[in-house]
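*Asks:* Sequence first, predicted coordinates after that:
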Amino acid sequence: MATVIFNGEPVEGRLGESLFSVADRSAQGSYEIASSCQRSGACRECILQVNAGHHALSPPSPEEAFLQTDPEPGEPVFRLACRARIIRAEATIEVETFKRRLDIAVEGRPPSYRVEPWVERRAGRVYADDRELARWDGPLYGLALDIGTTTVVLHVVDLLDGRTLFVRAFENPQKYGGSDVMHRISFDRSHPGQLHRTLIAHLNQTLRSLPIDRTAVFALAVAGNPTMRDLFFGLDVQSIGQSPYLSQTQADVIAGRRQSTSVRTQAGELKLAINPAACVYGLPLVSHHVGADMAAVLVTLPPEPSDAPFMVIDMGTNTEVAVGNRHRIICASCPAGPAFEGGRLACGMAACDGAISALRRENGGWRITTIGNAPPRGICGSGLVDLLAELRAGGAMDEMGRFCNGDSRIVISPRPPVYLTSREAAELAQAKAANALGQKVLLRRLGLTVSEIATYYLAGAFANKIDLANAQRIGLLLPVPQERIVRIGNASIEGAKAVLLSRTMRDRVEALVRSIEHVELEREPDFFDLFAELTSFAPIS
């Protein structure tokens, strides 16, 4: 017998048995695994992340050729649950689904608006604006969807009164295609349509689990960065990955072939498990790698009554920053990468049970807080911020990320070993610098100083969990006085929901994106010098 740790639960596995069959006997059951081909390998949906013990599994099958089965150090292995079979006894195999419990920000600060959906029922018929979709006398539902590089959040709303009925969230199942947008663009070039199909399959699995009549869902509003949004719609994303880094929708607007970068289609075209006549609306992009997610965030901000400047930063794998006032807004994208989400770090992990989320030096050791109060298994982004700040404060690491006393690693927890290496500190320094660079350049473009920022909005799960003082101490966030900092949670899903429920908000976001100026950071004359300067773990000056 082998032991399979399935989403943290030990299950006995027999020789020759598939991981799918092992999952059937778990307390969670194989519902956690997406599949639509009776386990034949044809649908390529039942993807699992193998964190340990992959050598105890059968070699990859031809159906798994699209998966990365020989990853770089620190990266997981991905397998199809129906194809991977146990070939060694007395082994421990650790696997996770994309339904594992992550600490996902599922809500944000809701904006103020009047409920006036653009999909409505009149005299027994459902209309999208003035276009009839169907005859329907039953309940009327809509979906708001925020597709992040790492996580996906779904809200189900009642279009008749605007109430949020259900909230669901899961890890983005496209992660096997890479941890950042450039890797996913490259993967999509080699395996066209596979990432689109994977996301639709997992979304449909979630929709089928909801206790609602799915044929009553007649509207869906989608936010996400340009790559995530366009992959959802099955659009070609190759132009986003090469200069000048434009979505095909933006290129079409520039060429006069369309009026907006927003996308509209019907659910049936995407094979979504809702009413096939449902209207699917992809929020418009801002520009280049600044996408519909930032558009959704900005539409939630209250209109400034004065000329006071604000900054909003949506921090993640692809951080987006906007600065301005009611007269002018400029923006930029910062390719920070997945380091602060645990990517490419030996002991890094997503924010789920067992992740060290906070820590402090105490009596020569570490006082550790983990998600779920579980034994420490690794360290997530908020814990990494604390660790770096504590190493600097205690003199164990210098500004350049070099460990003192010649150490090559800092051990935080002995069993299982959780540590940070000097190489990983350098990777975190570059991710930190990318975030800081966007903020600093945009301020400089507008001739502003940090002291002039009236409101500093922090959006996204990571920015809403970190210790602000520590983040400022290592130069991740600007040294804005904390009374001016406003955490707005998952503002992207709130913006998507507002656009779903209000014609006015939809019109506002369409107009807003056309007024925002995009700044290409890499075109700054001192880009490389500034980046090198900001890799130091010191406050941003």
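*Replies:* Cool, the structure landed.

*Asks:* Please name the residues that touch R121.
*Replies:* R121 makes contact with Y127, W136, D137, L140, L160 under the criterion Cβ atoms under 8 Å, 6 or more residues apart in numbering. C-beta coordinates here come from the backbone N, C-alpha and C atoms, glycine included.

*Asks:* I'd like to know which of those are part of strands.
*Replies:* Y127 (DSSP state E).

*Asks:* Neighbour count added to the contacts of R121, as JSON lines?
*Replies:* What follows is these, written out as JSON lines (neighbours: other Cβ atoms under 10 Å):
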{"residue": "Y127", "neighbour count": "17"}
{"residue": "W136", "neighbour count": "16"}
{"residue": "D137", "neighbour count": "10"}
{"residue": "L140", "neighbour count": "20"}
{"residue": "L160", "neighbour count": "14"}
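
*Asks:* okay if I get the contacts of R121 as TSV plus pLDDT and distance to S333?
*Replies:* Listed next are the contacts of R121 as TSV, based on pLDDT from 0 to 100; distance: Cβ to Cβ, whole Å:
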residue	pLDDT	distance to S333
Y127	96	37
W136	94	41
D137	92	46
L140	97	36
L160	95	38
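
*Asks:* Now the contacts of R121 in JSON lines, please, with extra columns for distance to V237.
*Replies:* JSON lines is the format used below for the contacts of R121 (distance: Cβ to Cβ, whole Å):
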{"residue": "Y127", "distance to V237": "32"}
{"residue": "W136", "distance to V237": "35"}
{"residue": "D137", "distance to V237": "40"}
{"residue": "L140", "distance to V237": "33"}
{"residue": "L160", "distance to V237": "36"}
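
*Asks:* how is this structure carved up into domains?
*Replies:* If you go by automatic domain parsing, the domain ranges for the chain are 2-96, 119-289, 294-337+428-534, 339-422.

*Asks:* Just tell me which of those domains ends up closest to R109.
*Replies:* domain 294-337+428-534 (4.5 Å; Cβ to Cβ).

*Asks:* any weak-confidence spans in the stretch 101-250 of the chain?
*Replies:* 101 (pLDDT under 70).

*Asks:* Just the helices from it, written as ranges.
*Replies:* All helices of the stretch 101-250 of the chain, identified by DSSP state H, counting those that start in this stretch, fall at 181-190, 194-208, 226-232, 248-254.

*Asks:* got a markdown table for the ones you listed, with mean neighbour count too?
*Replies:* Shown next, in a markdown table, are the helices of the stretch 101-250 of the chain (neighbours: other Cβ under 10 Å):
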| stretch | mean neighbour count |
| --- | --- |
| helix 181-190 | 18 |
| helix 194-208 | 20 |
| helix 226-232 | 27 |
| helix 248-254 | 18 |
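
*Asks:* Reformat those helices as JSON lines; add distance to I147.
*Replies:* Converted to JSON lines, the helices of the stretch 101-250 of the chain look like this (distance: least, Cβ to Cβ, whole Å):
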{"stretch": "helix 181-190", "distance to I147": "11"}
{"stretch": "helix 194-208", "distance to I147": "7"}
{"stretch": "helix 226-232", "distance to I147": "4"}
{"stretch": "helix 248-254", "distance to I147": "16"}
